[in-house]
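Trainee: Provided below for reference: sequence and predicted model.
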Amino acid sequence: MTHGLNQLYVLMDRSPSMWKHISVRKRRIDLAVNLLEELAEEIMNRNPNSLLRLSLYIFPSKTPGLYAEYIGSKILASKLYAKSLLKRLNMWLEPVPTTPLFKALEELATMAQRSSKILTLSDGEEIIGSPTSSLYESIRSKNLKIVFIVINNYLPSKLLALKTKARELRLYTAGTAAAISDERRKELVKELATWVIEEP
C-alpha cells in the first residue's frame, strides 16, 4: 500500500436478492452501483487533489475459502480511473447464492490497513451467521470506520444488533425514495462524500 494514501474499501453485495426491483425501473443492484458511481464523482469534484485509494470487493466470493472477492483498486486521481474500476465491477456483477455478509466484512476488516474506512452496500436480506468477536476486535484495534448503505426500505435486525456493539458503524437506508428521487440520492451521496473526505 502506498504510504500517505487514504483508503476507502467498498464491499458490494451480489446475492440474488440484490436483483429484486426496488422501484418499477430500478433493481437494488442498479441503485447500489449508481450510488457508488456518484460518490466517486462527488469525491473528485470536491477534493480533486486528494490521495484516496478506492478498493472494490464483492461478496459472496466464487473462490473457495474466500468470502470477499477482490476486484481491483485505483487512486481517484481522475474520472477515467474511476470509470475503469467501475467498469470492472460491472463485469463481476451476477447473482451468487448465500449472503455471508459478516464473514465477508470480517475478512475485509482483517486485511484492511489501520484507520481506513469501509463502505458496505447490501440489501441486508437473508444474512447468514452473526458478527463475531474477531470482527469487533478488528474494528476497534485498527480504528476502522464503517458505513452500511442498506439498499432497502428498512434496517435489518442483524445490522441493528451489530451497531449496538460497534459504535464506529453507521447505518443508512437507501430504499424506494433514493431509487426514485434524484434529490434524496444526491443528499445521501453528499453525506457519504463528507464522511470519506472530512471525517478522521
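Mentor: Cool, the structure landed.
Trainee: what pLDDT does Leu105 get?
Mentor: Note on Leu105: pLDDT of 95.
Trainee: Ramachandran coordinates for it?
Mentor: phi -70, psi -40 (degrees, to the nearest 10).
Trainee: Distance of it relative to Ile146?
Mentor: Relative to Ile146, Leu105 is positioned 8 Å away (C-beta to C-beta, to the nearest Å). In short, each C-beta sits where N, CA and C put it, glycine included.
Trainee: Let me know the secondary structure of the spatially most central residue of the chain.
Mentor: The chain has Thr120 as the residue nearest its centroid, 2.6 Å off, counting by C-alpha atoms, centre = their mean. Local secondary structure at Thr120 is given as strand here, using DSSP: H, G, I helix; E, B strand; the rest coil.
Trainee: hang on, it packs against Phe148?
Mentor: Yes - counting by C-beta atoms under 8 Å, Phe148 is a contact partner of Thr120 at 4.9 Å.
Trainee: And the helices in this structure, which stretches?
Mentor: 28-46, 79-92, 101-111, 133-141, 157-165, 176-180, 182-197 (DSSP state H).
Trainee: and among the ones you listed, the most buried is which?
Mentor: Of those, the one with the most neighbours on average (mean count of other C-beta atoms under 10 Å) is helix 101-111, at a mean of 22.
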